[in-house]
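Student: This is a predicted model, with the sequence first.
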2 protein chains.
Amino acid sequence: MNASKIAQAARESSAAVAAASTEQRNATLGAMRHRLAERAKDILAANQKDLAEAQAAGLDGRLVDRLRFGKGKLQARMRSLEKIEALSDPVGQVFREEERPNGLRVARVRVPIGVILMVYEARPHVTVNAGAFCLKSGNAAILRGGSEAKRCNAILGDLWNTSLAEAGLPTDAIQVVSGTHEDIEALLRLDEYIDLVIPRGGKGLIEAVSRRSLIPVIKHYAGVCHVYVDEGADIDEAVAIAIDSKCLMPEVCNAMETLLVHSDHAGELPRIVSALEDAGVTLRGCLLTRSVCPQVEPASEDDWRTEYLDNLLAVRVVKNVQEAIRHINAYGSHHTDAIATADESRAQQFVDQVDSAVVLVNASTMFCDGEALGMGAEIGISTDKLHARGPMGLEDLTSYKFVIRGNGHVMGGNGP
Amino acid sequence: MNASKIAQAARESSAAVAAASTEQRNATLGAMRHRLAERAKDILAANQKDLAEAQAAGLDGRLVDRLRFGKGKLQARMRSLEKIEALSDPVGQVFREEERPNGLRVARVRVPIGVILMVYEARPHVTVNAGAFCLKSGNAAILRGGSEAKRCNAILGDLWNTSLAEAGLPTDAIQVVSGTHEDIEALLRLDEYIDLVIPRGGKGLIEAVSRRSLIPVIKHYAGVCHVYVDEGADIDEAVAIAIDSKCLMPEVCNAMETLLVHSDHAGELPRIVSALEDAGVTLRGCLLTRSVCPQVEPASEDDWRTEYLDNLLAVRVVKNVQEAIRHINAYGSHHTDAIATADESRAQQFVDQVDSAVVLVNASTMFCDGEALGMGAEIGISTDKLHARGPMGLEDLTSYKFVIRGNGHVMGGNGP
């Protein structure tokens, strides 16, 4: 692949996408939805071939899982396209409008960022979702999926091109590219054409992209997420939150990985532990946990820092909310952390002092989710503090311009 | 200097600054204001020595101007500290608060970014202003001014340390550092301790910082700013806007550098040109301009891309608003551009299609200014599209966290 040609083509098409009407951008998503239905068989067959090759090559089982793109996932994508189509268009939205004392009218207007490069592994559904998100927000996209998904992604790329053409937009507005690591490195140096890079995948991938990129990067790092059961918390409610946070989707970044329990509840630990075991979770505990639940395996220092993404959970008894906060800030990943408590002042202390993108009080970590938070959908969960933090919706793929309207206003001397 | 030690100290102190009360942070600014008054003589004397050395070393005249920190500028800084003190505290501000249909209460709360590194040239006033801005927004700051300002900056750094201590904050929360280019490069690699870099100065400095930094950078590039005089525009009003945009402060980045005039006004050009000449501006014109104003020097292709920062102005006659927009997007720097027009539809076209941080209708480019736009003050004007674009106020030095409050909410099955 020719990195420079791809990036230039994206830049050129970005002006047309930014200027396109909401209807045109939505029409592309609609067309894509129909193309996916039409070509479902080919897509699933291509994914089968990708899967067979990945398994033959001995790819990590979890990566193989993420590569799988069956009928159910395809239909979920089609519904998701429909949802994104229905979301309100962020482009042109006016915010913080005000009239200054001198009569100058000042507003900020959302505009697309320009060209967005996504670098990701396995999951072919990102090829559909990220393309839709970038386009809906008026951006051109370069989507670089992993080579393990090449057959499936090639078809999805063709379908994006066809769908764009059908809506009267440049086919280069969404380019699905493969290419070697050197090609990606070349793309990452083209900051004159590409405005933003979003890498999604393992820590190694994200770090490699961040280190090499001259283009701004928004990182979506792992989640080592916690639920802290405070003194005086309702244990049934806390257990329900813990089970939901751990078991609903253990494979997602906002699943709980460590449960912290106030020492007052030590006597309740057998009940808490067995409820989690009944839900299929294997536990690793601190010394105190094991003193009341001897069947629990010991947790090592490493466990406190591990994102299991699996039915595994570390459990630690802490003295108080302050120790819980210290543990979370020291061992966690500043992603998503929850407290179960009946005490408002400790809830506020937790909210103020836990340095995470999402902090929850008496709610499951599963609610760290763009849809649950009213964004309609999300392109990922940022662990960065600049531009966007936490779940990123359509607006987070836009910038803004200041629009200032006067009446012959000048600053020196003679203005109105 | 020891880059790693400085960065670590900044990181450690950032927690205390983030947790400090508004009063404590304001008290630091107040203390600094008093220290500046107390030590005014020493500051001015140090600046005199810096100036003498710079002149002896044959430093560029413009840089020498920016280095100058006389009594007037010092007093302006003291007033500015008072203003920043009076601004409302962005830390803890709650925005986009809503209750979801399931009763979950979702809000975003502004939090400090963490550690901000400023890299700049000459201007000692930045040492006061940037320190105040970072601290007021709850961040720790590392301020690296140019070696040409070393004596003056050393005193200002001491005063920050004293002021912080007086307010009970760690003295490392604002560190004024010197150090070689290699030291700066070392700082730019410490992304584990530093969260944001803002370089301010010439293109060379900004590019060098951006290329070498592993830390996110917000760039403040040059302004090649335009005023376009549309067909049917009131010429007197347009001339007043042009003169204000060019002459009020020719040295600032949002000063006009090119005047575009609709060809219908060709007959008015002598009047426009002589009004600007009377205001002390030297003009360089396109062929058409020179055909009616033969005294005007010819403009070269380079002139359309030049940020003069001086009493110099390029003038070009264009066919229509479309050609004006094309010229601005092609030759400009996406900074600040204005249209003088009596036609709302062309105003809207200009606003929609000019890809600049600030777009003005019937107002001087001087209004691209944090204070004029209601931010109270500004730390600079971002030419980037991520995180902050255009004039940056206190809020732009913050991030946010999501705070979600439930009532035992779980996502699967049994939640309320």
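Tutor: Sure thing, it's come through. All figures in this text were calculated on a predicted structure; none of them were measured in a lab.

Student: burial of A:K71, as a residue count?
Tutor: When neighbours are defined as other CB atoms under 10 Å in any protein chain shown, A:K71 has 11 of them. To be clear about C-beta, it is placed using only N, CA and C from the backbone, and glycine gets the same treatment.

Student: and the gap between the nearest residue to it once chain neighbours are set aside and chain B?
Tutor: Distances taken as CB to CB, 6 or more residues apart in numbering or on different chains place A:L44 nearest to A:K71, at 6.5 Å, with adjacent residues excluded. Between A:L44 and chain B the distance is 28 Å, computed by CB to the nearest CB, to the nearest Å.

Student: Give me the helices and strands touching whichever strand or helix holds A:L44, please.
Tutor: For A:L44, the host element (DSSP states H and E) is helix A:40-56. Counting contacts by 3 or more CB pairs under 8 Å, 6 or more residues apart in numbering or on different chains; DSSP states H and E, helix A:40-56 is packed against helix A:61-67, helix A:71-86, helix A:150-166.

Student: A:V321: which of those helices is closest?
Tutor: A:V321 lies closest to helix A:61-67 among the helices and strands packed on helix A:40-56, at 34.4 Å (CB to CB).

Student: Would you mark the buried spots in that closest one?
Tutor: A:63-64, A:66-67 (16 or more other CB atoms under 10 Å in any protein chain shown).

Student: then it to PDB, C-alphas only?
Tutor: Extracted in PDB, the C-alpha atoms of helix A:61-67 (Å, rounded to 0.1, in the frame of the first residue of the first chain):
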ATOM      1  CA  GLY A  61      -7.900 -18.000  21.600                       C
ATOM      2  CA  ARG A  62      -9.200 -14.600  22.800                       C
ATOM      3  CA  LEU A  63      -8.100 -13.000  19.600                       C
ATOM      4  CA  VAL A  64      -9.800 -15.700  17.600                       C
ATOM      5  CA  ASP A  65     -13.000 -15.000  19.600                       C
ATOM      6  CA  ARG A  66     -12.800 -11.300  18.700                       C
ATOM      7  CA  LEU A  67     -12.200 -12.200  15.100                       C
END
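
Student: list the helices and strands it packs on?
Tutor: Under the contact rule (3+ CB pairs under 8 Å, 6+ apart), helix A:61-67 is packed against helix A:40-56.

Student: Regarding A:R316, what is its secondary structure?
Tutor: strand (DSSP: H, G, I helix; E, B strand; the rest coil).

Student: Share the number of residues neighbouring it, please.
Tutor: 23.

Student: same check, this time on the one 5 residues further on
Tutor: One way to gauge burial is a neighbour count; for A:V321, by other CB under 10 Å, it gives 23.

Student: Over to A:V209?
Tutor: A:V209 has 24 nearby residues by other CB under 10 Å.

Student: hang on, it packs against A:V119?
Tutor: Yes: counting by CB atoms under 8 Å, A:V119 is a contact partner of A:V209 at 5.5 Å.

Student: Residue numbers of the stretch 251-400 of chain A in contact with chain B?
Tutor: Proximity of the stretch 251-400 of chain A to chain B, by CB under 8 Å from any CB of the partner chain, involves residues A:347, A:351, A:353, A:355-364, A:366-369, A:372-374, A:384-387, A:389-391, A:399-400.

Student: Any quick ChimeraX command for the buried ones out of these?
Tutor: If you want just the buried ones from these in ChimeraX, going by 16+ other CB under 10 Å, the selection is:
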select /A:347,351,353,355,356,357,358,359,360,361,362,363,364,366,367,368,369,372,373,384,385,386,387,389,390,391,399,400
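
Student: Among the residues of the stretch 251-400 of chain A next to chain B, which ones are in strands?
Tutor: Judged by DSSP state E, these include A:358-363, A:390-391, A:399-400 as members of strands.

Student: that older thread, quick one: buried residues of the helix holding A:L44?
Tutor: A:43, A:46-47, A:50-51, A:54.

Student: Which residue is the nearest non-sequential neighbour of A:V94?
Tutor: Closest to A:V94 by CB to CB, 6+ apart is A:A107, at 5.0 Å.

Student: Give me the mean pLDDT for the helix or strand that neighbour falls within.
Tutor: A:A107 belongs to strand A:105-112 when assigned by DSSP H and E. The pLDDT scores in strand A:105-112 average 98.

Student: Output the helix or strand following that strand as PDB - backbone C-alpha positions only.
Tutor: Using DSSP H and E, the next helix or strand after strand A:105-112 towards the C-terminus is strand A:115-120. Only the C-alpha atoms of strand A:115-120 are listed here, as PDB (Å, rounded to 0.1, in the frame of the first residue of the first chain):
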ATOM      1  CA  VAL A 115      -9.300  12.600   8.800                       C
ATOM      2  CA  ILE A 116      -9.300   9.900  11.500                       C
ATOM      3  CA  LEU A 117      -7.100   6.900  11.400                       C
ATOM      4  CA  MET A 118      -8.300   3.800  13.400                       C
ATOM      5  CA  VAL A 119      -5.800   1.100  14.000                       C
ATOM      6  CA  TYR A 120      -7.200  -2.100  15.500                       C
END
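
Student: still on that earlier bit, taking the buried residues of helix A:61-67 as a set, which two sit the farthest apart in space?
Tutor: Farthest pair in those, by CB to CB: A:V64 and A:R66, 7.4 Å.

Student: so A:R39 touches A:L159, yeah?
Tutor: Yes: assessed by CB under 8 Å, A:R39 is found in contact with A:L159 at 6.4 Å.

Student: Tell me which of those two has more neighbours.
Tutor: Neighbour totals were compared for A:R39 and A:L159, and A:L159 leads with 25 against 18 (other CB under 10 Å).

Student: And for the more buried one, nearest residue in space, chain neighbours not counted?
Tutor: A:R35 (4.1 Å).

Student: Next: A:I339.
Tutor: According to CB to CB, 6+ apart, the nearest residue to A:I339 is A:F350 (4.3 Å).

Student: give me every residue that touches that neighbour.
Tutor: A:228, A:230, A:321, A:324-325, A:339, A:341, A:359, A:361 (CB atoms under 8 Å, 6 or more residues apart in numbering or on different chains).

Student: so how far is A:L373 from A:Q348?
Tutor: 20 Å (CB to CB, to the nearest Å).

Student: do A:D172 as well
Tutor: Distance of A:D172 to A:L373, computed by CB to CB: 33 Å.

Student: where along the stretch 101-250 of chain A do the strands fall?
Tutor: A:105-112, A:115-120, A:140-144, A:174-177, A:196-200, A:225-229 (DSSP state E, counting those that start in this stretch).

Student: what sits up against the longest one?
Tutor: Here strand A:105-112 makes contact (CB under 8 Å, 6+ apart) with A:14, A:17-18, A:90-100, A:137-139, A:395, A:397-406, B:351, B:355, B:373-374, B:385.

Student: who does it pair up with?
Tutor: Partner strands for strand A:105-112, per DSSP bridges, with pairing direction: strand A:94-99 (antiparallel), strand A:398-409 (antiparallel).
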